[in-house]
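Participant: let's see this in three dimensions:
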Amino acid sequence: MASVVSASFPSAVAVTVRRGAAAVAAALASALLLAGCASSPAGGASTAAPADTEPPATPEATALTGADIQAWIANAEWSFADRGLAEPITLVFEDGAATDDLMRTYEIGDGVEADADGDGVVDLAVPVSQLDGNGFQELWYIWLGDDTDADVVATQVEYPIALSTRCGDNVDSVDAVENGFRIDQTLWMPHTDDGRDCASGGTGIQTRDVTVIEVDGVAYPVQTAPIAAWGGVCPRSDWLDGILDDTVSGRATPADASPEVFAVGEVVSLYELPAAPLLTRDDVRFFGFQPEDISTAGVPPATMHCAFAG
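Facilitator: Just a heads-up that it's a prediction; the model follows:
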């Protein structure tokens with residue numbers, strides 16, 4: 001094309017034509033380049049920079065909270081042992097309330113958080129009350145948090161740690177302490193408090209610290225203060241005086257493999273207790289005891305604690 005134009009037209013015109021052709025070619029090349037950037041030809045690979053294809057970050061698992069346990073147990077099965085001593089019944093709660101076959105009503109209260117078994121997962125001590133006509137009792141149970149099972153948020157320890165009743169014992173407060181719970185309670189003392197009006201309450205002031213241990217796969221509440229003893233409900237004896245003895249040992253739980261709270265050779269006062277089917281299923285002896293070296297001078301009168309033998 002260029003040679004033909006040079007032969008037929010003056011040189012100036014030829015130069016103009018050549019420049020015009022060059023401009024058209026340059027414009028066409030530029031248009032093709034822009035089109036290639038905007039879209040890939042059919043069946044061809046894109047020339048655009050690859051997009052970031054890294055998968056979205058997996059959200060970190062959140063730690064179990066006391067609020068999680070509180071919400072879950074409001075619609076769970078509970079074990080409830082009358083006075084903390086009888087064979088338990090099973091209750092099915094809905095929205096924190098339940099009714100048994102005898103039309104007694106139950107209600108779950110607000111729990112207290114602590115790590116009672118030392119596994120690094122939060123646990124909850126929770127009150128559950130029973131109304132039976134004019135009768136009233138409230139038991140405190142520990143629910144152990146479980147962050148290993150998506151379907152089970154917490155597991156109930158079968159043995160309650162404290163009891164309140166009308167005209168009887170009263171739980172004044174439950175607070176978190178290291179490795180468990182501190183229970184401040186006022187106990188109705190046999191003989192001493194006979195004849196007192198219910199509104200005045202008992203006279204047996206007592207503070208106890210309770211933790212949870214596992215023995216043979218079963219979780220038990222164990223008292224760590226003021227002395228080592230059973231950590232569940234401990235009733236009073238009707239005896240005015242215990243019998244001194246140094247021939248028996250006392251365990252912290254009904255299980256044979258549980259730790260001793262006093263050994264043979266230690267002098268303790270022993271007390272008979274009311275029947276406790278929950279605690280004596282395997283012909284275990286459940287009794288009250290008081291170390292000989294506890295002085296009643298200047299200390300609260302509720303110095304008896306509970307243990308197991310046999």
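Participant: quick one: low-confidence parts of the stretch 151-300 of the chain?
Facilitator: Across the stretch 151-300 of the chain, residues meeting the criterion (pLDDT under 70) sit at 240, 293-300.
Participant: please redo it, this time with the cut-off set to 80
Facilitator: Low-confidence regions of the stretch 151-300 of the chain, defined by pLDDT under 80, span residues 239-241, 292-300.
Participant: hey, where'd the strands end up in it?
Facilitator: The residue ranges that make up the strands of the stretch 151-300 of the chain, judged by DSSP state E, counting those that start in this stretch, are 154-156, 162-165, 170-177, 180-187, 204-215, 218-225, 229-230, 243-245, 250-251, 260-262, 268-271, 285-291.
Participant: make a markdown table out of those and add distance to Glu113 and mean neighbour count.
Facilitator: C-betas here are computed from N, CA, C, even on glycine. A markdown table is the format used below for the strands of the stretch 151-300 of the chain (distance: least, Cβ to Cβ, whole Å; neighbours: other Cβ atoms under 10 Å):
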| stretch | distance to Glu113 | mean neighbour count |
| --- | --- | --- |
| strand 154-156 | 12 | 20 |
| strand 162-165 | 16 | 22 |
| strand 170-177 | 6 | 15 |
| strand 180-187 | 10 | 22 |
| strand 204-215 | 14 | 19 |
| strand 218-225 | 16 | 20 |
| strand 229-230 | 23 | 27 |
| strand 243-245 | 40 | 12 |
| strand 250-251 | 29 | 24 |
| strand 260-262 | 27 | 19 |
| strand 268-271 | 34 | 21 |
| strand 285-291 | 30 | 20 |
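Participant: quick check: which of those strands is nearest to Asp110?
Facilitator: Distance to Asp110, taken as Cβ to Cβ, is lowest for strand 170-177 among the strands of the stretch 151-300 of the chain, at 10.3 Å.
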